[in-house]
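Participant: Here you go, sequence then predicted model.
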Amino acid sequence: MADMTPQADTARLSALFRPENLLATMMLGGGIALHAVETYITATLMPSIVRDIGGLPLFAWATTIYVIASVVGSIYVAVRPAGVSLNRCYVWGAVLFGAGSLICALAPVMEIVLAGRAVQGLGAGLLVTLGYAFIRFVYSEALWSRASTLYAAVWGIATFVGPSIGGIFASGSAWREAFLILVPIALLMAWLAPRRLPSGEDRHAATPAPFVQIALILASAMLVSFAGSVTAIWLRGALAVAAVVAVTAMVLAERRASARLLPAGAVALSSALARIYLIMLLMLVALASDIYIPYFLQELHGVAPLASGYLVALLALGWTAAAFLTAGLTGRRAIASIAGGTLLEAVSTGLLVLLLARHNPQGDIAVLAAATVAIFGMGFGVGMGWAHLVTLVLRLAPDDEKDKASAAIVTMQALGTAFGAALAGVVANSTGLLDPGGIAGNVSAAAWLYGLFALPGLAAFGLAVSLLRERD
């Protein structure tokens, strides 16, 4: 396999904020922050938007369309036309994000909000992918893992900041203003991009677009989104299976295609790069089971809605804390951190079978304290590995395919979250959540959900161990 040993990494995280790096760090991290925070802001604002302009049946699609459009934006970076440099892509990403925000702010009906979210998501996909793609042009290799750590931490911080900002605007019925304030920020970033970011790569020859693979991966995202929104259990299952079939077809098409969507070796398990991407996907699938934690805390443990929200936010705190604590690890120790993180996530998820799947209306402190530790552990496990996975992708991808490699990181994030959320809905509602008996159905659903969702973490652990063995 390719050498996974990084250069000596003695640089501190503070080096990202030295004068020669500061503006680039703010712009690249800011692009990722815009996407992450906006995801949570909109989730908080949606009830206010529906009350104001209607469109309740389209509620879930505000997130679905945004995620799917972000996948399209990430893919564009990898297949962009000849002569288009990375900083020009950044300009387009910022302008599209600002334009989408303006459309949402002015929307008279929900359908226009969805159109704005599509434009916004397209721009966000570009900005997030470019955050990873620019790492090798802006920083020395010794700082790659530090930059990856910082960007990984942004997602955890967004879980705290996004709902808080959204709640401030929602409480004043000022949801339009929440979108409007993003417009000047995006335009400023677009203006700064060609002045403060290197041009990065441009293309001297057009890259053939892998239309078949793109169509299949978008189809899978659409199918899994439908699976998460329909009520009939059999239809949920059928759509989830169809989504898996679409992904399988994409992998088969990718193996045979001359125009590839992913970097070389990314669909063959014998390749370290393929296993790294699969670890990313599996970790986020397992993590998506957190969407039901507030529900079970409220229904089975008598926890107030606000308190349940803060308890789940500990997952993001765990991710952020682990990202910073493990940032200095290199070589075999970094890969060991990935393996340890996947195992911790799997064990923590499995423990919720014992801790959440019980009737505890009095809110027994010992049970809730243990559940809190497990929730924190889920996020901590992901944080132990994510930045190191990103760094390995950038190191292992061939030099002429690093844009594809960066785009695939964002695609794995989006698909892992979308697939995980939809499959969590299928499992929970198929195993008792819709049981009119109430308590018994909720206990059954929690037990099945967290028992099954520990398995992706265990599979990721097995893949991480295989990477460790290859280092021996």
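Facilitator: Right, received. Where do you want to start?

Participant: What count of nearby residues applies to the closest residue to residue 413 other than its chain neighbours?
Facilitator: Closest residue to residue 413 apart from its sequence neighbours, by Cβ to Cβ, 6 or more residues apart in numbering: residue 284 at 6.2 Å. All C-beta atoms are positioned from the backbone trio N, CA, C, and that covers glycine. Residues contacting residue 284 under the criterion other Cβ atoms under 10 Å number 23.

Participant: Repeat that for residue 339.
Facilitator: Neighbours of residue 339 under the rule other Cβ under 10 Å: 21.

Participant: Kindly report the same for residue 157.
Facilitator: 16.

Participant: Quick check: it touching residue 317?
Facilitator: No: under the criterion of Cβ atoms under 8 Å, residue 157 is not in contact with residue 317, lying 9.1 Å apart.

Participant: returning to that earlier point: need the pLDDT of the residue nearest to residue 413.
Facilitator: Here the pLDDT value assigned to residue 284 is 92.

Participant: And it, how far from residue 379?
Facilitator: 12 Å (Cβ to Cβ, to the nearest Å).

Participant: and what of residue 109?
Facilitator: 37 Å.

Participant: cool, and residue 414?
Facilitator: 19 Å.

Participant: Just want to know which of these two has more residues nearby.
Facilitator: Set residue 414 next to residue 379 and count neighbours by other Cβ under 10 Å: residue 379 wins out with 29 against 23.

Participant: For that one, give me its contacts.
Facilitator: Shown in contact with residue 379 (Cβ atoms under 8 Å, 6 or more residues apart in numbering): 156, 287, 314-320, 322.

Participant: change it to 6 Å
Facilitator: 315-316, 318-319 (Cβ atoms under 6 Å, 6 or more residues apart in numbering).

Participant: Make a markdown table out of those residues and add distance to residue 462 and secondary structure.
Facilitator: Below are these laid out as a markdown table (distance: Cβ to Cβ, whole Å; DSSP: H, G, I helix; E, B strand; the rest coil):
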| residue | distance to residue 462 | secondary structure |
| --- | --- | --- |
| 315 | 23 | helix |
| 316 | 26 | helix |
| 318 | 22 | helix |
| 319 | 22 | helix |
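
Participant: On the pLDDT front, check residue 472 for me.
Facilitator: Among the per-residue scores, residue 472 shows a pLDDT of 58.

Participant: can you check residue 378 too?
Facilitator: 95.

Participant: One more: residue 130?
Facilitator: The model's pLDDT for residue 130 equals 88.

Participant: Excluding chain neighbours, give the residue nearest to residue 177 in space.
Facilitator: Counting by Cβ to Cβ, 6+ apart, residue 169 is the residue found nearest to residue 177 once chain neighbours are left out, at 6.1 Å.
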